[in-house]
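Asker: Got a sequence here, can you build the structure:
(2 chains)
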Protein chains: 2
Amino acid sequence: MSPERKGVASLPEAIDLSHHLSALARARSVSPLKNLARYYGRPGIISLAGGLPSPEYFPFDTVKADILSSDKFVSTPDSHGSSSGPLSWLLSLFSSESDSTIPISIPKYPSTPTDLNLATALQYGVARGIPQLQSTIVAFTTRVFQPAYADATVLLHVGNTDGWSKAVTTLCNPGEGVLVSDWTYPSALETMYPQGVRAVPVRMDGQGMSATGLREVLAGWDAAARGMPRPHVMYIVPVGQNPTGATMGAERKQEIYNICVEFDVIIVEDDPYYFLQEGPYVHPTQRFSTFKQTDMSDDQYLASLAPSFLKFDYQGRVVRLDTFSKTIAPGSRAGWFTCNPIFAERLERAAETSSQGPSGFTQVLIGKVLQTWQDKGYIQWLKGLGTEYTRRRNFFIDTLLAKFHLEVVPADSPHNLFPGTVRYIASAKGAYLDEKRGSGAAARKPLFSFVPPTSGMFIWLQLHLEDHPKFKDVAKESLEMQLWVKLAEGGLLIGPGNMFAADKTASTASYPGHFRISFSNADDADLVKAIDIFAAVITKFHQDV
Amino acid sequence: MSPERKGVASLPEAIDLSHHLSALARARSVSPLKNLARYYGRPGIISLAGGLPSPEYFPFDTVKADILSSDKFVSTPDSHGSSSGPLSWLLSLFSSESDSTIPISIPKYPSTPTDLNLATALQYGVARGIPQLQSTIVAFTTRVFQPAYADATVLLHVGNTDGWSKAVTTLCNPGEGVLVSDWTYPSALETMYPQGVRAVPVRMDGQGMSATGLREVLAGWDAAARGMPRPHVMYIVPVGQNPTGATMGAERKQEIYNICVEFDVIIVEDDPYYFLQEGPYVHPTQRFSTFKQTDMSDDQYLASLAPSFLKFDYQGRVVRLDTFSKTIAPGSRAGWFTCNPIFAERLERAAETSSQGPSGFTQVLIGKVLQTWQDKGYIQWLKGLGTEYTRRRNFFIDTLLAKFHLEVVPADSPHNLFPGTVRYIASAKGAYLDEKRGSGAAARKPLFSFVPPTSGMFIWLQLHLEDHPKFKDVAKESLEMQLWVKLAEGGLLIGPGNMFAADKTASTASYPGHFRISFSNADDADLVKAIDIFAAVITKFHQDV
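Answerer: Predicted coordinates:
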């Protein structure tokens, strides 16, 4: 953090952020408490202004929990029992018993006014969150994401889904479009559509949204032909992209940011998988040591993560959405915006007339976990999580390797649909060859292919249905759904690719079929069973016509 | 609950509820999980469809709390130490120690699948809430509010503010109006305005919204003159109305419901103060026994409460908003809708793309409190709360009685602005008489007046500024704010009346000034101090010109 960083309002390059506000956001009143705010909290003043129950009537005297130690996942061996990294013996010396828990407790009344307490957290409060949690998050955000301007503002919200919903109502008017990747998180689209805001798909490659594709869409924008003005908002999941698993590096982010400056686009960065960065998948025969974030120093670890768009954001045009859903638990219903103070003020007003801030129970419990673990502990926890997901990702792909014949298509192959990535093409094990292709390696009939994800929870399988006998008879989407139903009937539920298409009106023939498979939750035995079902059903699907 | 109650869909009188949905609500997709829902939860199926973290990664092993006993407030003596009711000695025999607490605990993994547990509650879940809490609330709602049709649907939400916000987007289009009381909760208006939905004020009396006034507004509706179609949605706080404290009885509710049937209006019943029904204020000299809900049987108690609009709702046109904010704690951020299944489905889709359901921490903790207390205990808790608020209301008005000269204007007096209510007119104690009025009782110069509230948290003071020397010089609203600032500078913060005006464009001269004072939170000593400040400042304000 260079001390000379300036606030967005004082930057010579600053854009007029206020012109990005939607009609709805402009129409929102100032805080209804504005009149009262001059006097609130003045020492000695008696307030009979609010409809607040007495904390005496909160039936909770103390809220407590037994929490895991932040080093819980430090010494998890990888699934193949291979080396756990050169320093793991050292780390394990400092590890507490991995099964021990730490008791935490939040009293109704604090012993010092700044302590976490139920009397405040369970009372009506400001929508931005209780100060103790807010200040912890401000420090974390500043350290980890390093916003490029000084007055980036943090505001708690009730989860990224609601955060995105509020961003849409704050930034978009009905009839406008939002730039999204060709394949994107369906709930993000379901949030926009009813508000009259349409998806404007941009093509993707192995790093997610293509910068060239973005420039083409914006530079060639024909408002009349498109029936809407050039989009001025982008929705993007840059790490462990949902559904493709792609992760965007610093260079691509800089390129995209520059294009957004050029065309005055606000970037909404929805980044739930940020701390699930797993590194490249390495074939087991070449995996001499396992990638383990727990073997890194904190600074090494943070530097190893793809940067946030905030780091490039010298103009305050990024609205970053963070969530505790993947790092603590989805049921927390808590996360936070980081954005410029103009947007933050409007977003807070929006929260005041709808969701308010996160639950007080959530705020004290997460607040106390973070206070107990301290910064160092929370980062240790995140490293442990990253290592766990790396293990899961490896186990899943290793099992695919064991059940299918996998061939690697190099990054520069013209057959590679996502340029710049290593793609694995799967065919049936053994002798199931394609007669038309003759014999040998080239004769193998491809069933599906995928780019091993470097972050997140998902593997995005591309189906190879071009050799399927019914390929010319029915739309591919329909073949995808036929196979999906057979898999479900066979006992395996996965995400059908068509759910994730940004442009549902595009000819389905222009897309190959896809599935999104999550390796985040099932245990190893179920993952093996799942791949067995998948192998049996997809092989039969190709034979059985 | 008569067994012959029918669902709205099967009622011959049923209105077409679907035509009430806004364009936005119609545009909302069906559940994005619809495709998957056929297979979810099928025994033996392996799901790799969702982006769910493993519960193993939730850092909470157990969440616990020490909660108050449900009889905590049973034997609170009233502030004057008068009789605690004829049966209190009996109840106290069964009371546990009022200061003891009960430990509760929710484990990560349940011993039986239906037990409350963190693995489910902290995971992604359905927006309507976890089944254990939902079913408890369904039973409670059915017993207490007695909806008049069989398929009234309960859906958890994140608090009534968000519930109202979702009701507006689900039922109203921009350019439409919502029927509200002349004085109403400002946040409800702040939620509507940015969405292009305007307030249509209806005049009030001692029971809140006037049925005659409502009929006049609807029957005489001139869409061209008003610039909007006749409103088809009403927002109403029928118990302990905010800000006036008025409570609407069964007869008035029936009248208003019938008018809403006639003019096809949907009633959104925001009822946070339902369990703070305090009964009529009785002058201390006539208070032979204190009104104590804790002395009633459960059935007596429930029958003593003003009924919900649901009880009259044979057509499914009521959307009821309940909240735990006043009965458990505001920081719970949890409450529930009760409405017809058509609206419920659209509201659930709205929640799926924004707030989701309440926090999992909230759901397990409140769920466990309700399980621990049982129905009987929760009703005991509510009775205790009601008794506490009755004590607070009495203490506040008793203190006004001690500090001012109060005269009672009977219900049928033409001077009574809220017909049908007993109004207290306050003047300075002692010899401060109005020269123009001569001597004797009639010569007292009225400073303010109020109708003692029978429910809720607020006293709504009407200022008597007509004798103020500046009355003719400045608008009353401005006199109200001048006095408000003097009070705040003097150390007392209360709600200025203009905050609560539904029609801010109406001539301020048509309204006397008002203040809303809350007796819900401050302790007795602060309430006495507050009234001292109030007495000193208002008396000086009238003298000091």
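
Asker: ok, A:Met204 touching A:Asp182?
Answerer: Yes: A:Met204 is within contact range of A:Asp182, at 5.2 Å (criterion: CB atoms under 8 Å). No exception for glycine: its C-beta is placed from N, CA and C like everyone else's.

Asker: Was I right to think A:Gln315 contacts A:Leu11?
Answerer: Yes: using CB under 8 Å, A:Gln315 makes contact with A:Leu11 at a distance of 7.0 Å.

Asker: got any residues that touch both of these two?
Answerer: A:Tyr149 (CB atoms under 8 Å, 6 or more residues apart in numbering or on different chains).

Asker: The two: which has the busier surroundings?
Answerer: A:Gln315 (20 against 16; other CB atoms under 10 Å in any protein chain shown).

Asker: Which residues are in contact with the more buried one?
Answerer: A:Gln315 touches A:Val8, A:Leu11, A:Glu13, A:Ala14, A:Ile15, A:Tyr149, A:Val261, counting by CB under 8 Å, 6+ apart.

Asker: buried residues in stretch A:201-219?
Answerer: A:201-202, A:204-211, A:213-215, A:217-218 (16 or more other CB atoms under 10 Å in any protein chain shown).

Asker: who touches the residue nearest the centre of chain A in this structure?
Answerer: The C-alpha lying nearest the average C-alpha coordinate of chain A belongs to A:Pro272 (CA atoms, centre = their mean; 2.7 Å). Residues near A:Pro272 by CB under 8 Å, 6+ apart: A:Asn160, A:Val237, A:Leu321, A:Asp322, A:Thr323, A:Ser325, A:Lys326.

Asker: Out of these, which two sit at the greatest distance?
Answerer: Pairwise distances across those (CB to CB) peak at 13.2 Å, for the pair A:Val237 and A:Ser325.

Asker: so how far is stretch A:318-331 from its chain's centroid?
Answerer: How far stretch A:318-331 lies from its chain's middle: 8 Å, per CA atoms, centre = their mean, to the nearest Å.

Asker: make that stretch A:485-495, sorry
Answerer: Worked out by CA atoms, centre = their mean, stretch A:485-495 lies 25 Å from the chain centre.

Asker: what does that stretch rub up against?
Answerer: A:243, A:484, A:515-518, A:530, A:533-534, A:536-538, A:540-541, B:36, B:38-40, B:44-50.

Asker: now it: mean pLDDT?
Answerer: Here stretch A:485-495 scores 95 as its mean pLDDT.

Asker: Doesn't A:Tyr257 lie inside a helix?
Answerer: Yes: A:Tyr257 sits within a helix when classified using DSSP: H, G, I helix; E, B strand; the rest coil.

Asker: count of neighbours near the nearest residue to it once chain neighbours are set aside?
Answerer: Spatial nearest neighbour of A:Tyr257, excluding adjacent residues (CB to CB, 6 or more residues apart in numbering or on different chains): A:Phe312 at 4.3 Å. A count of neighbours around A:Phe312, defined by other CB under 10 Å, yields 23.

Asker: With the one 10 residues further on instead?
Answerer: Look at A:Asp322: counted by other CB under 10 Å, it has 29 neighbours.

Asker: host element of it?
Answerer: Per DSSP states H and E, A:Asp322 falls inside strand A:318-323.

Asker: what comes into contact with the helix or strand that that strand is followed by?
Answerer: With elements assigned by DSSP H and E, the helix or strand that comes after strand A:318-323 is strand A:335-339. Residues external to strand A:335-339 that are found in contact with it (CB under 8 Å, 6+ apart): A:129, A:137, A:141, A:145, A:147, A:152-160, A:163, A:167, A:310, A:316, A:318-325, A:343-344, A:347.

Asker: Which ones among these map onto strands?
Answerer: Among the contacts of strand A:335-339, the members falling in strands (DSSP state E) are A:Thr153, A:Val154, A:Leu155, A:Leu156, A:His157, A:Val318, A:Val319, A:Arg320, A:Leu321, A:Asp322, A:Thr323.

Asker: OK, contacts around A:Tyr424?
Answerer: Contact analysis of A:Tyr424 by CB under 8 Å, 6+ apart lists A:Ile397, A:Leu400, A:Leu406, A:Glu407, A:Val408, A:Val409, A:Ser449, A:Phe450, A:Val451, A:Pro452.

Asker: Among those, name the least confidently predicted one.
Answerer: Within the contacts of A:Tyr424, lowest confidence goes to A:Val409 (82).

Asker: Make a ChimeraX selection of the buried ones in the contacts of A:Tyr424.
Answerer: Here is the ChimeraX command that selects the buried residues among the contacts of A:Tyr424 (16+ other CB under 10 Å):
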select /A:397,400,406,409,449,450,451,452
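
Asker: for the residue nearest to the centre of chain A, helix, strand, or coil?
Answerer: With three-state DSSP as the basis, A:Pro272 sits in coil.

Asker: Just say helix, strand or coil for A:Ser105.
Answerer: Per three-state DSSP, A:Ser105 ends up strand.

Asker: What count of nearby residues applies to it?
Answerer: Counted with other CB under 10 Å, A:Ser105 comes out at 14.

Asker: Give me the nearest residue to it, chain neighbours excluded.
Answerer: A:Lys64 is the one closest to A:Ser105 (CB to CB, 6+ apart), at 4.4 Å.

Asker: what about the helices in the stretch 251-400 of chain A?
Answerer: A:298-304, A:341-352, A:360-403 (DSSP state H, counting those that start in this stretch).

Asker: can you pull the contacts of A:Leu171?
Answerer: A:His20, A:Leu21, A:Ser22, A:Ala25, A:His232, A:Val233, A:Ile266, A:Val268, A:Val319, A:Phe343.

Asker: List the contacts of the closest residue to it other than its chain neighbours.
Answerer: Nearest non-adjacent residue to A:Leu171, counting by CB to CB, 6+ apart: A:Val233, 5.0 Å away. Contacts for A:Val233 (CB under 8 Å, 6+ apart) come out as A:His20, A:Ala167, A:Val168, A:Leu171, A:Cys172, A:Glu176, A:Val178, A:Leu179, A:Val265, A:Ile266, A:Val268.
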